[in-house]
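Participant: Just need the structure, nothing else, for what follows:
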Amino acid sequence: MRTATAIETFLEMMSAERGAAQNTLESYRRDLEDAAAFSTATGLQLTQADPATIRAYLDDIAGRGFAATSQARRLSALRQFFRFLYTENIRTDDPTSTLDTPRKDRSLPKILSEADVERLLRRAEEETGDAKATSTAHFHAVRLHALLEILYATGLRVSELVSLPVTVARSDNRFLMVRGKGSKDRMVPLSGKAREAMSKYLAARDATPHLSDSLWLFPAISESGFLARQVFARELKGLAARAGLKTSAISPHVLRHAFASHLLQNGADLRAVQQLLGHSDISTTQIYTHVMEERLHRLVTEHHPLAD
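Facilitator: Numbers count the residues shown, from 1 in each chain. The predicted model follows:
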């Protein structure tokens, strides 16, 4: 089977059988096509590549400056691709089976302090009450406030947040039913402030004729029909600047980290945070253990009778 055909067949399987999201499929395609180009240059189709070719490819991307995390992601894509070829009897072996995964440096996630998050949310709420704002500016302010309150209250991935269907907001506003990675559903609770912000946003949305009939909670004129992640990120940085915060330290993903870290700092269980974040593996959530270690150290220092 030609490499291009094999890649297409693999992606179809990932979509149909495993429910891979479009962003995931596009990432696989980029990674596999890059590996295929390298393999072809050595005289072999990717479908015919041996362990030495795959190892040389990993050395090549390392030489191009790819981080260990990116190298590991590409090897993961190749592992799944060759496992698929083996399962489908297209190959009789898996050339990635003997390769070690590049070691990843577990960098700590950027987080905001509770005070900084409060400052950001307060500024967003204040801007919804600007009497001098145009109707368009007012709508954008109400939408941004709702996005931030929901994000910080739930820890959703930004892709999950902007693609929420409007039905989840109308059914029971105490909770959101979210479809995450691998088409897995999870229920996340909403805080009182998030419910209030969402209610005000829904009223503004429903009063806007070209938006009220949309299937999406945050509709937009785009290919997907909902607000682009990049637009939300750009609006968030603008708000951060107006709130006097360092814009380079703020993004939707940083707010997701803040949600998790602040829960753990205030006594939440790691397993509960794992479920709320939608992590399939607890090892992914364990990047936040430094927060728990700080909390436990403070607990012992403050309350143990023999502490210094």
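Participant: thinking residue 156 is in contact with residue 256, fair?
Facilitator: Yes: here residue 156 lies in contact with residue 256, judged by CB atoms under 8 Å, at a distance of 7.0 Å. Any C-beta I mention is one placed from the backbone N, CA and C, and that applies to glycine too.
Participant: Between those two, which is the more surrounded one?
Facilitator: Taking residue 156 and residue 256 together and counting by other CB atoms under 10 Å, residue 156 has the greater number of neighbours (27 against 22).
Participant: How about that one, nearest residue that isn't a chain neighbour?
Facilitator: residue 178 (6.2 Å; CB to CB, 6 or more residues apart in numbering).
Participant: give me every residue that touches residue 214.
Facilitator: Listed by CB atoms under 8 Å, 6 or more residues apart in numbering, the contact partners of residue 214 are 166, 225, 226.
Participant: residue contacts, the last one?
Facilitator: In this structure, residue 226 makes contact with 162, 163, 214, 216, 217, 218, 219, 220, judged by CB under 8 Å, 6+ apart.
Participant: Next one: the fourth one from residue 52, what distance?
Facilitator: Right, residue 216. Computed as CB to CB, to the nearest Å, the residue 216 to residue 52 distance reads 48 Å.
Participant: Compare neighbour counts for those two and give me the winner.
Facilitator: Neighbours per residue (other CB under 10 Å) separate residue 216 from residue 52, with residue 216 holding more: 19 against 10.
Participant: Tell me the pLDDT of the closest residue to that one other than its chain neighbours.
Facilitator: Of all residues not flanking residue 216 in the chain, residue 226 sits nearest, at 4.0 Å (CB to CB, 6+ apart). With respect to pLDDT, residue 226 has a value of 94.
Participant: which residues does residue 226 bridge with?
Facilitator: As for beta bridges, residue 226 partners with residue 219 under DSSP bridges.
Participant: same check, this time on residue 177
Facilitator: Counting by DSSP bridges, residue 177 forms beta bridges with residue 187.
Participant: Tell me who's in contact with it.
Facilitator: 168, 171, 185, 186, 187 are the contacts of residue 177 under CB under 8 Å, 6+ apart.
Participant: gap between it and residue 13?
Facilitator: Distance, residue 177 to residue 13, using CB to CB: 27 Å.
Participant: Filter the contacts of residue 177 down to the buried ones, PyMOL style.
Facilitator: Selection of buried members from the contacts of residue 177 for PyMOL, criterion 16 or more other CB atoms under 10 Å:
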select buried, resi 186
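Participant: Show me where the chain dips below the pLDDT cut-off.
Facilitator: By pLDDT under 70, the low-scoring segments of the chain are 102-110, 172, 281-308.
Participant: Walk me through the domains of it.
Facilitator: 3-87, 116-249 (automatic domain parsing).
Participant: of all the ones you listed, which lies closest to residue 280?
Facilitator: Closest to residue 280 of the domains of the chain is domain 116-249 (CB to CB; 7.2 Å).
Participant: What are the buried residues along stretch 273-282?
Facilitator: 273, 274, 276, 277, 278, 279.
Participant: so what's the third one up against?
Facilitator: Which is residue 276. Counting by CB under 8 Å, 6+ apart, residue 276 has contacts 154, 155, 186, 188, 259, 260, 263.
Participant: got the contact list for residue 245?
Facilitator: With CB under 8 Å, 6+ apart, residue 245 has these contacts: 112, 116, 119, 120.
Participant: Secondary structure class of it, three-state.
Facilitator: Using DSSP: H, G, I helix; E, B strand; the rest coil, the structure places residue 245 in coil.
Participant: What distance do you get for it to residue 25?
Facilitator: 35 Å.
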